[in-house]
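**Student:** Sequence plus the predicted model coming up.
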Amino acid sequence: MMKKLPVIFLMLFCATGLLRAGGPRFSFGLEWGYTATILKTSQHNYICSEGYRIIDNPVSWWYYSNGSVLANAGLDLNDNINLSAYSGLLGVYSRRWVIPAELRIRWCPAGLSSDGWLIHGGAAATFPTSSLYETGFRAIAGGGYRLALSNTISVDFLVSLNFTLDSENITDPDTRTLVPRSSITSNSTEYQAVNFSVAINF
Amino acid sequence: MRPVLYIPLLTLLLAALCQPAAAQELGVYNSIKGIGAQYRSGEKAGVFHSATAFVDIYGVPTSRCRYPGYRFNVTRQYMLRSIEGDKCVFSFYAGPGISFGLVRDHDKGRGFDLTSLIADNPGVMLALSGGAGCRFDFGRRVALDLSFTAEAGVHMRENEDEKSYSATSLSIYNNGLLQAIYPQLTILFKL
């Protein structure tokens, strides 16, 4: 289903006649920014070394700083809408980095080649670079302001809310060692963050 | 000198003092070194000055330290050449300056050894700098600038091996040279 999403998007735009005259234009870009993680929630369900089940759902409000560097390639579907694939490196938590494969849509009411506000939203599968290689998920929604330098080059200042679904190492409360995968029923962690980014599009 | 000759001389002096300076600029500084702000004075007779303040993130992405350092640079830049393209004016410049800050340093030579990557060594840095770059002006209120800066100086910090004696360690500021190849992209707003 995930693989078919870009095709479905394109078909929808074609069907509604939204594609720009002369066909879509290719776009490329770089984006980097600061991520402030403010809320971390976890759902842990596992059998501990003593043999009994532990169900733990901690919630912690904790400010944690991270960074993000992404490159993108996509299509200007019409004069206002761009659809791009993003990938790079995202900091999620302490010593926790993921590589996203993200699909993002950007809407510039004033036009992609004009100064003005923009709205964007995207979803990604995330692949951790270190322990616990389970694929995660990330969703972002936000907006910003675009400064057009020429018809093809622009700079975006962006703010977005980020939701990242990941997993983490669970430590046994008695032995202080990692709980083996075979003893874990569920292990998910969600990070809610605010991201401030700068992007250059060309 | 006859008093009447003072009039054109004074006029020239006043004109030189009152001439509108080229646009000053305020910029957002972006680099692998860190993120910050830059002020750029208007160009006058082929010379302008830039002042940069940024958060030095060395050691933060690798979780070597939780908090970043702070770095400042003031440079006198000389315009070398300006080329007018179809949609953009390319202005090349270079110049010397000074840098200072409270930063961490890559402290074990120029290799990427483990000790250097995990040791936290905040200290005071003072260096002479040399920079060069190119400004891309598209004729809008925003311009882009790509530059490189090398810094030759010293890093003074608490000696990691002699902490119980509060000993001070002084060494060459390695990151000033190692990070010379890091590109710096500044988004400049004309004031």
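**Tutor:** In hand now; what should we look at?
**Student:** pretty sure A:Ala199 is touching A:Ser68, no?
**Tutor:** No. Here A:Ala199 lies out of contact with A:Ser68, judged by Cβ atoms under 8 Å, at a distance of 10.8 Å. Heads up, the C-betas are built off the backbone N, CA and C, glycines and all.
**Student:** ok, B:Val142 to B:Gly153 distance?
**Tutor:** 32 Å (Cβ to Cβ, to the nearest Å).
**Student:** ok, now A:Ser160?
**Tutor:** 38 Å.
**Student:** Give the buried residues for stretch A:169-176.
**Tutor:** A:Ile170, A:Asp172 (16 or more other Cβ atoms under 10 Å in any protein chain shown).
**Student:** from the chain's centre, how far out does it sit?
**Tutor:** Centre-to-centre, stretch A:169-176 and its host chain are 30 Å apart (Cα atoms, centre = their mean, to the nearest Å).
**Student:** Endpoint to endpoint, it covers what distance?
**Tutor:** 11 Å (Cα to Cα, to the nearest Å).
**Student:** ok, which stretches of chain A are strands?
**Tutor:** Per DSSP state E, chain A carries strands over the ranges A:25-47, A:53-56, A:59-76, A:81-93, A:96-107, A:116-128, A:136-148, A:154-166, A:184-201.
**Student:** Looking at those, which is nearest to B:Tyr58?
**Tutor:** With Cβ to Cβ as the criterion, B:Tyr58 lies closest to strand A:59-76 of the strands of chain A, at 12.5 Å.
**Student:** That closest one packs against which elements?
**Tutor:** strand A:25-47, strand A:81-93, strand A:96-107, strand A:184-201 (3 or more Cβ pairs under 8 Å, 6 or more residues apart in numbering or on different chains; DSSP states H and E).
**Student:** Give me the angle between the last one and strand A:81-93.
**Tutor:** Yep, that's strand A:184-201 we're talking about. 130 degrees (axes from the mean of the first three to the mean of the last three Cα atoms, to 10 degrees).
**Student:** Also the shortest one?
**Tutor:** Between the axis of strand A:96-107 and that of strand A:81-93 there is an angle of 160 degrees, by the same axes, to 10 degrees.
**Student:** Each with direction, which strands does strand A:96-107 pair with?
**Tutor:** With DSSP bridges as the test, strand A:96-107 is paired with strand A:81-93 (antiparallel), strand A:116-128 (antiparallel).
**Student:** any chance of the ones you listed in CSV, plus distance to A:Asp56?
**Tutor:** Putting the strands paired with strand A:96-107 into CSV (distance: least, Cβ to Cβ, whole Å) gives the following:
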stretch, distance to A:Asp56
strand A:81-93, 17
strand A:116-128, 21
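**Student:** Return the most buried member of those strands.
**Tutor:** strand A:81-93 (a mean of 20; mean count of other Cβ atoms under 10 Å in any protein chain shown).
**Student:** what's near enough to touch B:Glu143?
**Tutor:** Careful, residue B:143 is Ala; it's not Glu. A:Leu149, B:Glu25, B:Arg135, B:Phe136, B:Asp137, B:Leu188, B:Lys190 (Cβ atoms under 8 Å, 6 or more residues apart in numbering or on different chains).
**Student:** Check B:Asn73 too.
**Tutor:** Neighbouring residues of B:Asn73 by Cβ under 8 Å, 6+ apart: B:Ser50, B:Ala51, B:Thr52, B:Gly97, B:Ile98, B:Ser99, B:Ser129, B:Gly131, B:Thr149, B:Glu151.
**Student:** quick one on the thing from earlier: now the contacts of B:Ala143 as JSON lines including secondary structure, distance to B:Tyr165 and pLDDT?
**Tutor:** As requested, those are exported to JSON lines (DSSP: H, G, I helix; E, B strand; the rest coil; distance: Cβ to Cβ, whole Å; pLDDT from 0 to 100):
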{"residue": "A:Leu149", "secondary structure": "coil", "distance to B:Tyr165": "56", "pLDDT": "92"}
{"residue": "B:Glu25", "secondary structure": "strand", "distance to B:Tyr165": "48", "pLDDT": "94"}
{"residue": "B:Arg135", "secondary structure": "strand", "distance to B:Tyr165": "49", "pLDDT": "95"}
{"residue": "B:Phe136", "secondary structure": "strand", "distance to B:Tyr165": "52", "pLDDT": "95"}
{"residue": "B:Asp137", "secondary structure": "strand", "distance to B:Tyr165": "55", "pLDDT": "94"}
{"residue": "B:Leu188", "secondary structure": "strand", "distance to B:Tyr165": "48", "pLDDT": "95"}
{"residue": "B:Lys190", "secondary structure": "strand", "distance to B:Tyr165": "53", "pLDDT": "92"}
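**Student:** where's B:Lys44 relative to B:Pro96, distance?
**Tutor:** B:Lys44 is 18 Å from B:Pro96, by Cβ to Cβ.
**Student:** can you check A:Asp115 too?
**Tutor:** Counting by Cβ to Cβ - A:Asp115 and B:Pro96 are separated by 36 Å.
**Student:** and the two? which has more neighbours close in?
**Tutor:** A:Asp115 (16 against 12; other Cβ atoms under 10 Å in any protein chain shown).
**Student:** Cross-check the contact I'm expecting between the more buried one and A:Gly144.
**Tutor:** No. Using Cβ under 8 Å, A:Asp115 is not in contact with A:Gly144, being 11.9 Å away.
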